[in-house]
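Chemist: this one's structure only:
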């Protein structure tokens, strides 16, 4: 996933949604009219399978070189849904911007992509409490020649700035005063690394986890220290979690019960650690807090 072409800028941030209120109302109404009696959890138990919407992003949810679907969210889903009596999980890959529309139109049952929880999305879906929290970081040239450690630094230095399709970092940069029309939109962090290494851009912004993982083998680029974006004078700490249809509250609640047990026992961290997560990214944040 390394296309480096500019594309239309989404007006809402990443791990962000591009659907309007009318589309949400239509898909929500369609979902309500087609949900079988007995509730989602009973239906999925009867079917013996749950369809998981993923976006093909390392390390959140993706298909590996062996053709197997994995990532922190799918691996967590395999454990939790098995405990809920649903033995099989089936990945459904789609573009990130199509995850919530696909969920509400029943293309899949749950979004399992480590999606950031924010107010706009909370108006469209139900979130489980986050399995992780995350700061931002930059990919820059070795030695960080422009001394970039924040979005404000990017604005002051007039650096050539890039981030990914639909990333929340688009909004964070514009909040700091960077012109949205000047942002280079790339497909993902791999494309961002390529762009920085080749000198096409000075900096690529992403989550601290994806940034530090992608630069590990680079001889030309490095990751900055993690930092919190500042929006409206407040530092932003994001959290990612599973998304459910608004009609599936009992399913979300059952999922939450299991994830809370796993946080308390340390099992959650053991599942996420192989994907590059550290103790610093474990969280006690709730979906309610992040939805405000």
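Modeler: Nice, thanks for sending it over. Nothing here was measured: the structure is a model prediction, and the numbers come from that model. Numbering: from 1, shown residues only.
Chemist: I'd like to know how many residues surround residue 68.
Modeler: Residue 68: 10 surrounding residues under other C-beta atoms under 10 Å. Glycine gets a C-beta too; all of them are placed from N, C-alpha and C.
Chemist: typo on my end, residue 134
Modeler: Neighbours around residue 134, by other C-beta under 10 Å: 26.
Chemist: Wait, it touches residue 207, no?
Modeler: Yes. With contact defined as C-beta atoms under 8 Å, residue 134 and residue 207 form a contacting pair (4.8 Å).
Chemist: overlap in contacts of the two?
Modeler: residue 238 (C-beta atoms under 8 Å, 6 or more residues apart in numbering).
Chemist: tell me the SS of the spatially most central residue of the chain?
Modeler: The centroid of the chain falls nearest to residue 115 when counting by C-alpha atoms, centre = their mean (3.3 Å). Under DSSP: H, G, I helix; E, B strand; the rest coil, the three-state class of residue 115 is strand.
Chemist: who does the helix ranked longest in the chain touch, helix- and strand-wise?
Modeler: When the chain is parsed with DSSP state H, its longest helix is helix 249-265. Secondary-structure packing of helix 249-265 (3 or more C-beta pairs under 8 Å, 6 or more residues apart in numbering; DSSP states H and E): helix 40-47, helix 72-83, strand 126-127, strand 238-244, helix 267-272.
Chemist: pLDDT wise, what is residue 9 at?
Modeler: You'll see residue 9 listed with a pLDDT of 36.
Chemist: For the nearest residue to residue 269 once chain neighbours are set aside, give its distance to residue 135.
Modeler: Once flanking residues are discounted, residue 269 sits nearest to residue 282: 5.6 Å by C-beta to C-beta, 6 or more residues apart in numbering. The spacing between residue 282 and residue 135, counted by C-beta to C-beta, to the nearest Å, is 13 Å.
Chemist: So, low pLDDT: which residues of the protein?
Modeler: The chain contains residues with pLDDT under 70 at 1-38.
Chemist: Having no further points to raise, I will conclude here.
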